[in-house]
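Student: The sequence and its predicted three-dimensional model are supplied below.
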Amino acid sequence: MPDSMSASSINLASDTEQGFFGWKNVGLLFGVYMLAVGFVYYSFNVIFPEMVTSMNWSRGDAAWGQTLHGLLYGVFVPVAAFSVNKWGARATILTGIVVLIIGCILLGTVTTTITAWIIIWGVVMSFGFALGGVIPIQTTVAQWFDKYRATAIGLVMTAAGVGGFIAQPLFTWLMGYSGDWQTAWLCASAFALASIILAAFIVNKPSDRGQQPDGTLASEVSLQDRRASAKIYKTNEHWSLKEAIRTPTLWLLVVLSLGGVMPLYLLVVHGVLHLRDLQFQPMEAASVLSAMLAGSACARFPVGWLGDRMEPRRILVSLFSCSIIALTLIWQAPNISLLLLAGAMFGAAYGGTLVMIPTMVANYFGAESFASINGFIFPLQIVVSSMVPVGAGYMADISGNYDIAFVAIIGFTCVAAVCALFTRPPVKVAA
């Protein structure tokens, strides 16, 4: 009997310490998210202004591409959630990447009118990002981790910030060197193509490898980890989407999501144009967005680590407060030094919310319900946020500046900070 128990312990140790695939999955997902989302989506920040300028488009009209992109992304996210539940995250991600490659090639070859831009960016690319992006990637992480969930999500979400930080100056330089923006989109398609190799090795769930979340036996959890985990609410109940919708918690999470994403939409689409209107040079404006991406990338892992040790909602209050300060500085744009600081501060705040909100969804409603519930939150988040680019664009066309847009976004971020204080674990409502 002792020999048998010893052999069993050795096998379990091998599986949990050496054979656990969760952290390898994190590495694969990191690479996919960096190449397919970081390099492709955030290249938009610097390519879009060149498209508007070179083809003399109306900013408001051109912003309809991003607005339609956001609206249809909201429509396609439930499709992605359904695909994850039906065929698995890996198949969903691979399909999305193929669509992104096709879209980037079309943007770099046949986009000569504003109509083509709106259709390709608004329809094709939104479908690719929905299937190849956040929903399947975060769902995979949530299913592989429990105790280290926020840390793992933070690591993977760092990838987009890393890719975006590199993409900003890279694509700005490439457009200056080549003399056109079409080359930049073709280069983006190459980065998406490279991500397919990594995506092919993703494993959807621990059970697919005969493993458990975290890869650690309950008996191996340290006293310190137990105490840290006890401070953070994590449901043991199964929540259906119908049950979740009837709780105030879900709707507060929608507001928190909007507070994180609406400012990003303003800065991604109009940040460079806002700074160039204030006589900053194109590379200076791009550097501010690069600082934003750097701050976002640097914050995601430590915020994730912290989210495994204290309640995420408390962290969100601090993150929204930082976002308010940073948005005010970017709006007023006193000098390039403070702009770089503000960009990094906003990026850190946004990067933190990108980790904390999905962590709260998984903690409050469970990993098995994560895709379905996120598939409900995302459309609402995106539909509302998508009004920001076109609204800000038309305000700039009419008034000549972005003052009203910044005031509105800063005000809503204040509302989100207050809502974070009142977000509590859900309680099931009797039918």
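Tutor: Structure received.
Student: Tell me where the model's unsure across the stretch 101-250 of the chain.
Tutor: The model of the stretch 101-250 of the chain has pLDDT under 70 over residues 216-230.
Student: one more time with 80, if that's ok
Tutor: The stretch 101-250 of the chain contains residues with pLDDT under 80 at 161, 165, 168, 216-231.
Student: Show me where it has its helices.
Tutor: According to DSSP state H, counting those that start in this stretch, the stretch 101-250 of the chain carries its helices in the segments 114-119, 126-132, 134-144, 149-178, 182-199, 223-230, 241-245, 248-277.
Student: which helices and strands sit right next to the fifth one?
Tutor: If contacts are counted by 3 or more CB pairs under 8 Å, 6 or more residues apart in numbering; DSSP states H and E, helix 182-199 sits against helix 22-32, helix 39-41, helix 44-54, helix 89-109, helix 149-178. Where C-beta positions appear, they are placed from N, C-alpha and C, glycine not excepted.
Student: and these as CSV, adding mean neighbour count and distance to residue 194?
Tutor: Formatted as CSV, the helices and strands packed on helix 182-199 follow (neighbours: other CB atoms under 10 Å; distance: least, CB to CB, whole Å):
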stretch, mean neighbour count, distance to residue 194
helix 22-32, 21, 8
helix 39-41, 26, 9
helix 44-54, 21, 19
helix 89-109, 22, 10
helix 149-178, 23, 11
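Student: Which among those is found nearest to residue 369?
Tutor: Closest to residue 369 of the helices and strands packed on helix 182-199, according to CB to CB: helix 149-178, at 14.0 Å.
Student: Pull the contacting residues for residue 82.
Tutor: Residues near residue 82 by CB atoms under 8 Å, 6 or more residues apart in numbering: residue 375.
Student: Next one: it from residue 32, what distance?
Tutor: If you measure residue 82 against residue 32 using CB to CB, to the nearest Å, the figure is 20 Å.
Student: quick one: residue 51 and residue 57 touch, right?
Tutor: Yes: counting by CB atoms under 8 Å, residue 57 is a contact partner of residue 51 at 7.1 Å.
Student: Run through the neighbouring helices and strands of the helix or strand harbouring residue 346.
Tutor: Using DSSP states H and E, residue 346 falls within helix 336-365. Counting contacts by 3+ CB pairs under 8 Å, 6+ apart, helix 336-365 is packed against helix 134-144, helix 149-178, helix 248-277, helix 282-307, helix 312-332, helix 370-385.
Student: quick one, which of those is packed in tightest?
Tutor: Stretch with highest mean neighbour count among the helices and strands packed on helix 336-365: helix 134-144 (a mean of 28; mean count of other CB atoms under 10 Å).
Student: Contacts for that one, please.
Tutor: So helix 134-144 is contacted by 21-22, 25-26, 29, 32-33, 77, 80-81, 83-84, 89-90, 92-93, 96, 149, 152-153, 156-157, 202, 204-206, 213-214, 358, 362, 367-368, 370-371, 374-375, 378 (CB under 8 Å, 6+ apart).
Student: Repeat that for stretch 259-269.
Tutor: 42, 44-45, 48, 63, 66, 70, 289, 292, 320, 323, 327, 330, 346, 350, 353-354, 357, 381-382, 384-386, 388-389, 392-393, 402, 405-406, 409, 412-413, 415-417, 419.
Student: about what we covered before: among the helices and strands packed on helix 336-365, which is nearest residue 101?
Tutor: Of these, nearest to residue 101 by CB to CB is helix 149-178, at 15.7 Å.
Student: angle of that closest one against helix 134-144?
Tutor: Orientation note: helix 149-178 sits at an angle of 150 degrees relative to helix 134-144 (axes from the mean of the first three to the mean of the last three CA atoms, to 10 degrees).
Student: Now for the nearest residue to residue 231 once chain neighbours are set aside, how many residues are close by?
Tutor: Leaving aside its chain neighbours, residue 231 sits nearest to residue 310 (6.3 Å; criterion: CB to CB, 6 or more residues apart in numbering). By other CB atoms under 10 Å, 13 other residues sit near residue 310.
Student: Surely residue 310 touches residue 303?
Tutor: No: with contacts counted by CB under 8 Å, residue 310 stays clear of residue 303, the gap being 10.7 Å.
Student: still on that earlier bit, nearest approach to residue 342 belongs to which of the helices and strands packed on helix 336-365?
Tutor: helix 312-332 (3.6 Å).
Student: For residue 336, find the nearest of the helices and strands packed on helix 182-199.
Tutor: Using CB to CB as the criterion, the shortest distance between residue 336 and the helices and strands packed on helix 182-199 is 15.0 Å, found for helix 149-178.
Student: Tell me the helices and strands packed up against that closest one.
Tutor: helix 22-32, helix 39-41, helix 44-54, helix 134-144, helix 182-199, helix 282-307, helix 336-365.
Student: rerun at 7 Å
Tutor: Identification of packing neighbours for helix 149-178 by 3 or more CB pairs under 7 Å, 6 or more residues apart in numbering; DSSP states H and E yields helix 22-32, helix 44-54, helix 134-144, helix 182-199, helix 282-307, helix 336-365.
Student: how about the ones you listed in CSV, adding distance to residue 265?
Tutor: Compiled in CSV, these are given as follows (distance: least, CB to CB, whole Å):
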stretch, distance to residue 265
helix 22-32, 23
helix 44-54, 11
helix 134-144, 15
helix 182-199, 20
helix 282-307, 13
helix 336-365, 11
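Student: between these, which gets nearest to residue 117?
Tutor: Between residue 117 and the helices and strands packed on helix 149-178, the shortest gap by CB to CB is with helix 44-54, which sits at 6.9 Å.
Student: That closest one vs helix 149-178, what angle?
Tutor: Using the same axes, to 10 degrees: helix 44-54 against helix 149-178 is 30 degrees.
Student: CA-only coordinates of helix 44-54, as PDB, when you get a sec.
Tutor: What follows is helix 44-54, C-alpha atoms only, in PDB (Å, rounded to 0.1, in the frame of the first residue of the first chain):
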ATOM      1  CA  PHE A  44      -5.600  51.500 -36.600                       C
ATOM      2  CA  ASN A  45      -4.700  54.400 -34.200                       C
ATOM      3  CA  VAL A  46      -2.000  55.700 -36.500                       C
ATOM      4  CA  ILE A  47      -3.200  54.400 -39.900                       C
ATOM      5  CA  PHE A  48      -6.700  55.900 -39.600                       C
ATOM      6  CA  PRO A  49      -5.500  59.500 -39.400                       C
ATOM      7  CA  GLU A  50      -3.400  59.100 -42.400                       C
ATOM      8  CA  MET A  51      -6.300  57.700 -44.400                       C
ATOM      9  CA  VAL A  52      -8.500  60.600 -43.300                       C
ATOM     10  CA  THR A  53      -5.800  63.200 -44.300                       C
ATOM     11  CA  SER A  54      -4.700  61.600 -47.500                       C
END
